[in-house]
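J.: dropping a prediction and its sequence here:
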Amino acid sequence: MSTATIADTPVELNDEGFFVNPEQWTESMADELARREGIDELTSAHWTVIRFMRSEYFDKGTGPTVRVLGKSSGISVKELYQLFPKGPAKVAARIAGIPKPRGCI
């Protein structure tokens with residue numbers, strides 16, 4: 001584990017860059033986290049996914065898989081890969097400040 005400063009706030013990240021404590025995340029951190037993932041600007045579609053990821057995590061204890069994202073978020077799997085090219089579930093989880101979803105490698 002390590003401590004990183006994101007949007008002027010110290011947060012704990014695990015070795016893969018996921019938040020240890022999702023409660024530390026704020027929406028003001030998302031732009032900086034997205035830039036770290038190579039995403040220059042968060043669109044309304046990105047925010048739909050980010051908010052869905054957080055909601056699922058806090059409701060179910062884990063973030064959704066790509067398959068669940070594509071079925072339930074209102075964003076198609078094809079569009080998810082356009083929004084988050086390096087892996088929708090993993091990258092969206094990092095930006096959303098939640099742990100890596102189960103089933104992600």
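T.: Yep, that arrived. Remember, predicted model here, so these are calculated numbers, not experimental data.
J.: ok, I39 - contacts?
T.: 46, 83-84, 91, 95 (C-beta atoms under 8 Å, 6 or more residues apart in numbering). Quick note: C-beta positions are derived from backbone N, CA and C, even for glycine.
J.: of all those residues, which comes closest to A4?
T.: Set against A4, the nearest of the contacts of I39 by C-beta to C-beta is I95 (13.7 Å).
J.: quick check: which element contains the closest residue to the closest one other than its chain neighbours?
T.: Take I95 and drop its neighbours on the chain: the residue closest to it by C-beta to C-beta, 6 or more residues apart in numbering is L33, 4.5 Å away. According to DSSP states H and E, L33 maps onto helix 30-36.
J.: buried stuff in that helix?
T.: Buried residues in helix 30-36, defined by neighbour count with 16 or more other C-beta atoms under 10 Å: 30-31, 33-34.
J.: quick one: the helices in this structure, in order.
T.: Ranges of helices in the chain, per DSSP state H, are 30-36, 44-60, 66-72, 77-83, 88-96.
J.: any chance of those helices in JSON lines with mean pLDDT as columns?
T.: Below are these laid out as JSON lines (pLDDT from 0 to 100):
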{"stretch": "helix 30-36", "mean pLDDT": "96"}
{"stretch": "helix 44-60", "mean pLDDT": "96"}
{"stretch": "helix 66-72", "mean pLDDT": "92"}
{"stretch": "helix 77-83", "mean pLDDT": "96"}
{"stretch": "helix 88-96", "mean pLDDT": "95"}
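J.: other residues contacting stretch 45-54?
T.: Applying C-beta under 8 Å, 6+ apart, the external contacts of stretch 45-54 come out as 22, 25, 30, 34, 39, 42, 63-64, 69, 72-75, 79-80, 83-84, 88, 92-93, 95-98.
J.: follow-up on the earlier one: ok, now which ones touch the residue nearest to I95?
T.: Counting by C-beta under 8 Å, 6+ apart, L33 touches 6, 94-95, 97.
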